[in-house]
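> Predicted model and sequence follow; I will ask about them next.
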Protein chains: 2
Amino acid sequence: MRKRVVVPSGRLEIIGIVGLPEITEGDDLTRLFLDALEAQNLELEDGDAIIFTSKIISKSDGRVIDLRTVLVSAEAARIAEQIEKDPRVVQLILNESNAVVRLTCNHVIVETKHGFVCANAGVDESNVGHEKAVLLPLDPQKSAHQLRREIGAETGKVIAVLVADSFGRAFRDGVTGVCIGVSGIPALLDRRGEEDRFGKIARITKEAVADEICAAVNLVMGEFQEGVPIAIVRGLQLECCESDIRDLLFDREEDLFR
Amino acid sequence: MRKRVVVPSGRLEIIGIVGLPEITEGDDLTRLFLDALEAQNLELEDGDAIIFTSKIISKSDGRVIDLRTVLVSAEAARIAEQIEKDPRVVQLILNESNAVVRLTCNHVIVETKHGFVCANAGVDESNVGHEKAVLLPLDPQKSAHQLRREIGAETGKVIAVLVADSFGRAFRDGVTGVCIGVSGIPALLDRRGEEDRFGKIARITKEAVADEICAAVNLVMGEFQEGVPIAIVRGLQLECCESDIRDLLFDREEDLFR
């Protein structure tokens, strides 16, 4: 579902949440977030968006893999040799993917089973122990809905929850924060049909606000999420609605670059 | 030049600047910005990043074109018919471009003369009068340097200036704010060689902070820049440095998706 901004927000605040312990399988992220919030003397407000880095959701989902347990297929071994990458990591990437989009030096660009086009299916060897890798959360959209429900019930506040990861882009160097799960605000603001200041009708403008929010919090989290695995964005003037990360994904047929 | 974040910022503030008049060719943006700042009872602080939407720079550059003056070539007419677009606008797009990357319904994806890959070379018919279109700024990188120099000299503060536009992306629907000119902070943070919390070395992580900053301010500016053509981002912990928007652009040869 797509909704419109009512009033542009004049001021926005991004607050990093710190002090969470190292997350392991089964941890209650709602509880740990609320405890960290209290320890920082913060209270949620209606309209806050809470952004969780995907890595802590993966860890609580039990998506940390011991590379020594991975059985490597012939296909993974062949790709690994071609792109000079650990064959066990390539195997994990293939396991997580619907399709390979491109191969390049040290990267497999894929469509993940969730439908995201990204490098290495988001499989990440950083910020986990030796011989370990972390997969993307099992169902980040479902996690966003669940965290929103739980935090809303505990605090009585009308809040939104987003799950953030960092992806590279076509045509521009470097990664930026992107959204992989969103609950309580629109993923995409559809401004088609709105008049501009000169009375012209916008024909094609859709704004990926969920990605913009996740890019913004990456400035606080840092690419290594250095102890800032959660952030609050305060001051967004977005209507509460039921939306879904799939609003941001193209059908394969309408995707120009595949 | 690429620099590293010293300390992750725990808190970030985004402040929209309002009350600027409609911009026309030759307007002094530094003066108008400082006047608007004063009218809002705001003062700059060391470390502030000031983001100008590209549209007001284009307008002060005199890049508003009367479509009735555009001479349409045979090539533009042919493309216009194919993609169902105003042939005069197609002509402007071709004038602004090094190369056409893709054609699609109502869009020409091009590499602009600045080197940006984007739809319609950024040529925009919104927020200008009837039968008018706005081109991207002539040299947004130069504008960023100039505005930074002028605002720094007027205020004595160490600030950064970025120029923001909105581009679509491959693989994901909707536009997001992107940077097209940056002065005073790194465009790209190179974290290769930094250790993560487990002592592993990051091999490939580069973060496009300039794009993340421009995405963040789009949440305040809105896609129509509804009277919020400038924003301040306060609290970034980025080292001051000489950088350039070209740090974010791939060479055509190393670009996977062309």
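Noted; the coordinates are in hand.

> C-alpha only now, for contacts and for neighbours.
Noted.

> Show me the shaky parts of chain A.
For chain A, the stretches flagged by pLDDT under 70 are A:1-9, A:192-204, A:223-226.

> Pick out the residue nearest the middle of it.
Residue closest to the average C-alpha location in chain A (Cα atoms, centre = their mean): A:A164, at 2.6 Å.

> any idea which helix or strand carries it?
Using DSSP states H and E, A:A164 falls within strand A:160-168.

> How far off centre is that strand?
Between the centre of strand A:160-168 and the centre of its chain there are 2 Å (Cα atoms, centre = their mean, to the nearest Å).

> Tell me if that strand is near chain B.
No. Strand A:160-168 is not in contact with chain B by Cα under 8 Å from any Cα of the partner chain; minimum separation 8.7 Å.

> What helix or strand is A:V101 located in?
Using DSSP H and E, A:V101 sits in strand A:97-104.

> ah, wrong one, I meant A:I15
Per DSSP H and E: strand A:11-17 holds A:I15.

> list the buried ones in that strand?
By 16 or more other Cα atoms under 10 Å in any protein chain shown, the buried positions in strand A:11-17 come out as A:11-17.

> got a list of contacts for that strand?
Residues from elsewhere that reach strand A:11-17 (Cα atoms under 8 Å, 6 or more residues apart in numbering or on different chains): A:36-37, A:40, A:217, A:220-221, A:228-236, B:9-16, B:220.

> Throw together a ChimeraX command that grabs the buried residues out of those.
Those of those that count as buried under 16+ other Cα under 10 Å are selected in ChimeraX with:
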select /A:36,37,217,220,221,228,229,230,231,232,233,234,235,236 /B:9,10,11,12,13,14,15,16,220
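
> Show me which residues of the stretch 51-200 of chain A are close to chain B?
Counting by Cα under 8 Å from any Cα, the residues of the stretch 51-200 of chain A close to chain B are A:102, A:104, A:116-117, A:126-130, A:169-177, A:188, A:196-198, A:200.

> if we can go back for a sec, return the distance of the strand holding A:I15 from the chain's centre.
With Cα atoms, centre = their mean as the basis, strand A:11-17 stands 18 Å off its chain's centre.

> CA atoms only for that strand, dumped as CSV, please.
Extracted C-alpha coordinates of strand A:11-17, given in CSV (Å, rounded to 0.1, in the frame of the first residue of the first chain):
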residue,chain,number,x,y,z
ARG,A,11,13.2,18.7,11.5
LEU,A,12,14.4,15.2,11.9
GLU,A,13,16.4,13.5,14.7
ILE,A,14,18.4,10.3,14.5
ILE,A,15,19.3,8.7,17.8
GLY,A,16,21.6,5.8,18.0
ILE,A,17,20.8,3.1,20.6
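
> strands paired with it, and their directions?
strand A:230-234 (antiparallel), strand B:11-17 (antiparallel) (DSSP bridges).

> Next one: A:V182 from chain B, what distance?
According to Cα to the nearest Cα, to the nearest Å, A:V182 stands 15 Å off from chain B.

> Let me see the contact set for the spatially closest residue to that residue that is not a sequence neighbour.
Computed as Cα to Cα, 6 or more residues apart in numbering or on different chains, the closest residue to A:V182 that is not its neighbour in sequence is A:L162, at 4.4 Å. For A:L162, the contacting residues are A:49-52, A:144, A:179-183, A:210, A:214, by Cα under 8 Å, 6+ apart.

> quick one: which two of the residues you listed are the most distant?
Farthest pair in the contacts of A:L162 (Cα to Cα) is A:A49 and A:I180. Separation: 14.5 Å.

> So which of the contacts of A:L162 sit within strands?
Secondary structure from DSSP state E places A:49-52, A:179-183 of those in strands.

> Take those residues and lay them out in JSON lines including neighbour count.
Output for the ones in strands among the contacts of A:L162, formatted as JSON lines (neighbours: other Cα atoms under 10 Å in any protein chain shown):
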{"residue": "A:A49", "neighbour count": "27"}
{"residue": "A:I50", "neighbour count": "30"}
{"residue": "A:I51", "neighbour count": "26"}
{"residue": "A:F52", "neighbour count": "29"}
{"residue": "A:C179", "neighbour count": "28"}
{"residue": "A:I180", "neighbour count": "29"}
{"residue": "A:G181", "neighbour count": "28"}
{"residue": "A:V182", "neighbour count": "30"}
{"residue": "A:S183", "neighbour count": "29"}
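
> of all those residues, which comes closest to A:A80?
Using Cα to Cα, A:I180 is the member of the ones in strands among the contacts of A:L162 that lies nearest A:A80, at 26.6 Å.

> Could you measure from the closest one over to A:M221?
From A:I180 over to A:M221 the distance is 16 Å, taken as Cα to Cα, to the nearest Å.

> nearest to A:R88, of the strands paired with strand A:11-17?
So among these, strand A:230-234 is nearest, using Cα to Cα, at 30.0 Å.

> Can you check what angle separates that closest one from strand A:49-53?
160 degrees (axes from the mean of the first three to the mean of the last three Cα atoms, to 10 degrees).

> Show me what strand A:230-234 is in contact with.
Applying Cα under 8 Å, 6+ apart, the set of residues contacting strand A:230-234 is A:12-18, A:33, A:45, A:47-53, A:213, A:217, A:220-221.

> same question, stretch A:136-146
A:54-55, A:57-58, A:61, A:63, A:114, A:121-123, A:161-163, A:180-184, A:244-245.

> buried ones in that stretch?
By neighbour count with 16+ other Cα under 10 Å, stretch A:136-146 contains the buried residues A:136-138, A:140-141, A:143-145.

> So which of those residues is the closest to A:C240?
For the buried residues of stretch A:136-146, the nearest to A:C240 is A:H145 (13.0 Å; Cα to Cα).

> Distance check, the closest one against chain B.
In terms of Cα to the nearest Cα, A:H145 sits 21 Å off from chain B.

> show me where the stretch 1-150 of chain A has helices.
Along the stretch 1-150 of chain A, counting by DSSP state H, counting those that start in this stretch, helices occupy A:29-39, A:54-60, A:74-83, A:87-95, A:140-155.

> what's the most buried one of those?
helix A:54-60 (a mean of 24; mean count of other Cα atoms under 10 Å in any protein chain shown).

> Just the CA atoms of it, as PDB, please.
C-alpha atoms of helix A:54-60 as PDB (Å, rounded to 0.1, in the frame of the first residue of the first chain):
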ATOM      1  CA  SER A  54      19.800  -6.800   9.900                       C
ATOM      2  CA  LYS A  55      22.800  -8.400  11.500                       C
ATOM      3  CA  ILE A  56      21.200  -8.600  15.000                       C
ATOM      4  CA  ILE A  57      18.000 -10.000  13.600                       C
ATOM      5  CA  SER A  58      20.100 -12.600  11.700                       C
ATOM      6  CA  LYS A  59      21.900 -13.500  14.900                       C
ATOM      7  CA  SER A  60      18.700 -13.900  16.900                       C
END
